[in-house]
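S.K.: coords below, sequence missing:
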């Protein structure tokens with residue numbers, strides 16, 4: 001019969017033990033914060049300007065990384081910052097792209113003279129507008145045009161005011177919808 005010898009582990013110092021505990025919690029927290037700020041986040045719809053596409057109270061999955069590697073496209077649903085509104089996020093749809101001429105006549109949108117097919121607009125508005133977008137300007141509008149505060153009143157947004165690309169509505173689950 002062979003007797004097993006006990007090997008004693010060297011005792012950890014108090015400082016080493018504290019460091020291990022701090023790292024155990026700090027690394028995941030830092031990772032989550034980095035993911036939240038640079039890759040992926042959630043936003044909540046707090047208005048009716050995107051009816052019927054999005055409902056008040058829905059949670060959205062938003063890619064913050066998307067516009068760091070890709071250009072915004074017409075029809076993208078985005079979160080964006082408005083001038084003078086601080087960090088508050090708004091949810092809108094990209095309608096006009098840099099360099100385009102956008103016209104609105106009796107609620108119908110025209111890009112460089114061509115009418116847009118906007119099947120998602122259920123509540124149009126009846127205003128008229130004409131604007132030439134500059135090379136770093138995007139025109140965003142809500143799908144519920146009758147009540148939306150958007151580029152028609154605040155003006156076009158620059159690329160750095162586009163915060164993220166809305167991947168989908170993820171809560172409540174019965175209204176789950178993927179846009180990407």
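M.R.: Great, that's in hand. Just so you know, these numbers come straight off a predicted model, no measurement behind them.
S.K.: Now tell me what touches the helix or strand bottoming out on mean pLDDT in the chain from outside.
M.R.: Every helix and strand in the chain was compared by mean pLDDT, DSSP states H and E; the lowest is helix 14-38, with a mean of 78. Applying CB atoms under 8 Å, 6 or more residues apart in numbering, the external contacts of helix 14-38 come out as 12, 64-65, 68. (Glycine included, C-beta is placed from N, CA and C.)
S.K.: Stretch 62-81 now?
M.R.: 37-43, 50, 53-54, 60, 87-97, 111, 116, 138, 140, 157, 159, 161-167, 179-180.
S.K.: Just checking the distance from the lengthiest strand in the chain to the centre of its chain.
M.R.: Determined from DSSP state E, the single longest strand within the chain is strand 162-171. Counting by CA atoms, centre = their mean, to the nearest Å, strand 162-171 is centred 4 Å from the centre of its parent chain.
S.K.: By neighbour count, sort out the buried ones in the contacts of stretch 62-81.
M.R.: Restricting these to buried positions leaves 41, 43, 50, 53-54, 60, 89-97, 111, 116, 138, 140, 157, 161-167, with burial counted as 16 or more other CB atoms under 10 Å.
S.K.: what kind of secondary structure is residue 104 in?
M.R.: Assigned by DSSP: H, G, I helix; E, B strand; the rest coil, the conformation of residue 104 is strand.
S.K.: And the helices in this structure, which stretches?
M.R.: Shown for the chain, the helices assigned by DSSP state H span residues 14-38, 66-69, 151-154.
S.K.: Mean neighbour count, these: which tops it?
M.R.: helix 151-154 (a mean of 18; mean count of other CB atoms under 10 Å).
S.K.: average pLDDT for that one?
M.R.: Per-residue pLDDT over helix 151-154 has a mean of 96.
S.K.: what would the contacts of helix 14-38 look like in TSV with pLDDT and distance to residue 146?
M.R.: Shown next, in TSV, are those (pLDDT from 0 to 100; distance: CB to CB, whole Å):
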residue	pLDDT	distance to residue 146
12	74	66
64	93	30
65	93	33
68	89	34
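S.K.: where do the strands sit along the chain?
M.R.: In the chain, strands defined by DSSP E lie at 40-44, 59-63, 77-81, 89-96, 101-105, 108-111, 114-115, 129-132, 137-141, 157-158, 162-171, 177-178, listed in chain order.
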